[in-house]
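Asker: Here's a sequence, model it:
(chains A and B)
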2 protein chains.
Amino acid sequence: MALYVEKFGGTSVGSVERIDAVARQVARTRSEGHDVVVVVSAMSGETNRLQAMATEVHARASARELDVLLSTGEQVTIALLAMALDKRGCAARSYTGAQVHILTDNIHGKARIMEIDAEPIRRDLAEGRVVVVAGFQGADCDGNITTLGRGGSDTTAVALAAALKADECRIFTDVDGVYTADPRIVPEARRLERITVEEMLELSSLGAKVLQTRSVEFAGKYRVPLRVLSAFEAGGGTLISYEEDDMEQALISGIAHNRDEAKLTILGVPDEPGIAVRILGPVADAHINVDMIIQNVGEDGSTNFTFTVHRNDFPKAMEILEKTAKDVKAREVRGADDIAKVSVIGVGMRSHAGVASTMFKTLAEEGINIQMISTSEIKISVVLADKYLELAVRTLHKAFGLDQGQEG
Amino acid sequence: MALYVEKFGGTSVGSVERIDAVARQVARTRSEGHDVVVVVSAMSGETNRLQAMATEVHARASARELDVLLSTGEQVTIALLAMALDKRGCAARSYTGAQVHILTDNIHGKARIMEIDAEPIRRDLAEGRVVVVAGFQGADCDGNITTLGRGGSDTTAVALAAALKADECRIFTDVDGVYTADPRIVPEARRLERITVEEMLELSSLGAKVLQTRSVEFAGKYRVPLRVLSAFEAGGGTLISYEEDDMEQALISGIAHNRDEAKLTILGVPDEPGIAVRILGPVADAHINVDMIIQNVGEDGSTNFTFTVHRNDFPKAMEILEKTAKDVKAREVRGADDIAKVSVIGVGMRSHAGVASTMFKTLAEEGINIQMISTSEIKISVVLADKYLELAVRTLHKAFGLDQGQEG
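Answerer: This is a model prediction of the structure:
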């Protein structure tokens, strides 16, 4: 008999019928003799509906009150799911984040979980009940309701699995696992049976929207066996594992891509200490996140500076950068939002040289120009013209043998 | 500087615009230098919407999970109202029932408040904040969310006022006070400036739907100064007071009426001990509330038994009574739902004789036949054919001098 934490997102609980389907899935796990803790999000659309009401009342509503408001979304779902389970003869009890003592810091809207007191849940499980917990929410040490930010239900599930030492944390979603590439671009893409937590982290932060990045970090920290699988189809999904388990690593696990970025370049900047702060400081002050940053030596002792931002922030970032260019007496500012980022990811890179050169050679053979390069220990990202995105992903998928399932 | 608890019902917070109007009202009290605790209900329609979802999931959903679900209604309102206050520069903080430690018993759906820890609220007030509390809800000693039943927000407000020793508990509603009779029936009806708590209790239980009966009981127990006033118009409303305050009592404060009842009579019942239980027991077992009960001696040692129930329960009660009639060998069963109840209420009755005879004489002069009579220390109720209802109320209103404002 195992203990599973099963998490269902907003789409999976988006209607009364779907809540009933989730109850069926949970009842099945129960009927196999396992203990189940279920974590659910708000019904899809509900968080947006509540947010819109708040905006109507006050354009800059306080983060504390927003959390009081938004946390009702999951509270509705937990009650309905507990009722649906009860109807199937599966004893269940629902709890808000505060009720199961999900203690967070007090940063409303993006609180971090600090502690969970798993005892009350253990008692219910011991009495044969399914425990249904509201995702995305907790309470600070003064009892104020907090939320973990969008996608925070994944983190709730992982944190509960860690606190309960669950045998597996299962994230049910609208995809049936993690793929070697986006199947809409590469029809040959394969579902990975396993992926290491480091690879999953890179994938999440590179824009593969399967799991919230923070939940993967959390899983990694507490070594929670984490499985992504479909809420709508049967299948084993993808297990996020820990390196020791997998002696034989695949060289490359997958190809990620991202079309959401824009590139800004400032040319002929005086090459002096503190110049990066003078350029990026005003961007950060405007709450614009910067992704890749590259600095190169330019002509005559000056330097060139390129960075990427989310495409939505592009006009504002350009405006800021043009002002900065005058201040630092730069020669020129350039911007482009017709770019895409393609990344190859694999822990195998650590022990195998030649991944970068294979990547660059493959792209060159297709006549694809690389505009920027950024690397970490287990990934190489390149920025290229977005018209080449599909071609690049397909060609790299083939070049690294992912079509044939070289895994393991 | 006084401390007021101000309660606004579902209609008063039924839209974003109305929530803003409530914020304006509360901000006005604040600007006069007073401390304010606001209690709000769910936006009108919200509780029904949630209830309908529950029914869709499970026709007999557990009371515990219903409470988890329904309590989100007020939670939405408190957050929106705190935002609206904040927008008006009025610092505010919202709390659910559980957060301000409204401890109840564990009877889900109709829990009773046992204790309130007012300290956290006092701290916020001391720091200059308006405290916004969700009505209708609390938590039991295990932390389970409970609700007090429909109209329970009145009780929350009164209980908070008692715990905080507030100077006044103001119930804002869609009427501007308590009237000597229903103004739709008696155009001359006057708003009462004051009414005693006993009279208000009789009025509430007789069907004048201004305040929830339990909240009036609570106010009486803790002697909370309670005022009913309009959420939409200015005016002093009606103050529920305690007898000592009013040395000179009005003889009669008002005329109440109720069209929701039906009458059942069982004739020729053997007059023996335990017969009342044999007749009323099966009715109670079917969860049908009985209001008036009258037993009279009939012919030849048998007895006649008449009682009233809510009109909705009439067919079921008749069915039960006909079965009982066979069991106890009664002669006959009769029923009528074309009846109405008219009551005169006034603490002055205690010291003045003749109220009953004035009442009976007045009705007789209009040719109105009395079918049943029931009295308490401060009220006399009669049941009559419902076609006479308006005539009876208008005639009694005049006969007791309520048209001229004999009050005080």
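Asker: switch to C-alpha atoms for all contacts and neighbour counts from now on
Answerer: Fine.
Asker: what does the stretch 1-150 of chain A put close to chain B?
Answerer: A:16, A:20, A:53-54, A:56-58, A:61-62, A:65-66, A:68-69, A:72, A:75-76, A:79-80, A:82-84, A:86-87, A:93-94, A:99, A:143-144 (C-alpha under 8 Å from any C-alpha of the partner chain).
Asker: Are any of the residues you listed buried, and if so which?
Answerer: Taking 16 or more other C-alpha atoms under 10 Å in any protein chain shown as the criterion, what is buried in the residues of the stretch 1-150 of chain A next to chain B is A:16, A:20, A:53-54, A:57-58, A:61-62, A:65-66, A:68-69, A:72, A:75-76, A:79-80, A:82-84, A:86-87, A:93-94, A:99, A:143-144.
Asker: Those in helices, which ones?
Answerer: A:16, A:20, A:53-54, A:57, A:65-66, A:68-69, A:72, A:75-76, A:79-80, A:82-84, A:86-87 (DSSP state H).
Asker: The stretch 201-350 of chain A: strands as residue ranges?
Answerer: For the stretch 201-350 of chain A, the strands defined by DSSP state E, counting those that start in this stretch cover A:226-230, A:238-241, A:254-258, A:261-270, A:290-297, A:302-310, A:332-336, A:339-345.
Asker: so what strands line up beside the fourth one?
Answerer: If I follow you right, that is strand A:261-270. strand A:302-310 (antiparallel), strand A:332-336 (antiparallel) (DSSP bridges).
Asker: got the angle between it and strand A:290-297?
Answerer: 30 degrees (axes from the mean of the first three to the mean of the last three C-alpha atoms, to 10 degrees).
Asker: got it, and the last one?
Answerer: An angle of 90 degrees separates the directions of strand A:339-345 and strand A:290-297 when computed by the same axes, to 10 degrees.
Asker: Let me know the pLDDT of the closest residue to chain B within the stretch 151-300 of chain A.
Answerer: Nearest residue of the stretch 151-300 of chain A to chain B (C-alpha to the nearest C-alpha) works out as A:S153 at 18.6 Å. Listed pLDDT for A:S153 reads 94.
Asker: Tell me where the stretch 101-250 of chain A has helices.
Answerer: A:119-126, A:152-164, A:197-205, A:213-222 (DSSP state H, counting those that start in this stretch).
Asker: The longest one vs helix A:119-126, what angle?
Answerer: Our comparison of helix A:152-164 with helix A:119-126, counting by the same axes, to 10 degrees, yields an angle of 80 degrees.
Asker: on that earlier part again, quick one: contacts for the residue of the stretch 151-300 of chain A closest to chain B?
Answerer: A:K7, A:G9, A:V39, A:V40, A:S41, A:A134, A:G135, A:F136, A:Q137 (C-alpha atoms under 8 Å, 6 or more residues apart in numbering or on different chains).
Asker: Among these, which lie within strands?
Answerer: Among the contacts of A:S153, the members found in strands (DSSP state E) are A:K7, A:V39, A:V40, A:A134, A:Q137.
Asker: Identify, from these, the entry nearest to chain B.
Answerer: Nearest member of the ones in strands among the contacts of A:S153 to chain B, counting by C-alpha to the nearest C-alpha, is A:A134, at 11.2 Å.
Asker: That closest one: neighbouring residues, count only.
Answerer: 31 (other C-alpha atoms under 10 Å in any protein chain shown).
Asker: Which residues of the stretch 301-408 of chain A lie near chain B?
Answerer: Checking the stretch 301-408 of chain A against chain B by C-alpha under 8 Å from any C-alpha, there are no hits.
Asker: gap between the strand or helix carrying A:R394 and the chain center?
Answerer: According to DSSP states H and E, A:R394 maps onto helix A:389-399. Relative to its parent chain, helix A:389-399 has a centroid offset of 23 Å by C-alpha atoms, centre = their mean, to the nearest Å.
Asker: Pull out the buried positions in it.
Answerer: A:L389, A:E390, A:L391, A:A392, A:V393, A:R394, A:T395, A:L396, A:H397.
Asker: what's the angle between it and strand A:339-345?
Answerer: 20 degrees.
Asker: Show residues contacting helix A:389-399.
Answerer: Counting by C-alpha under 8 Å, 6+ apart, residues outside helix A:389-399 touching it are A:180-181, A:185-186, A:189, A:254-257, A:340-342, A:358-359, A:362-363, A:368, A:403.
Asker: Perfect, I'm done here.
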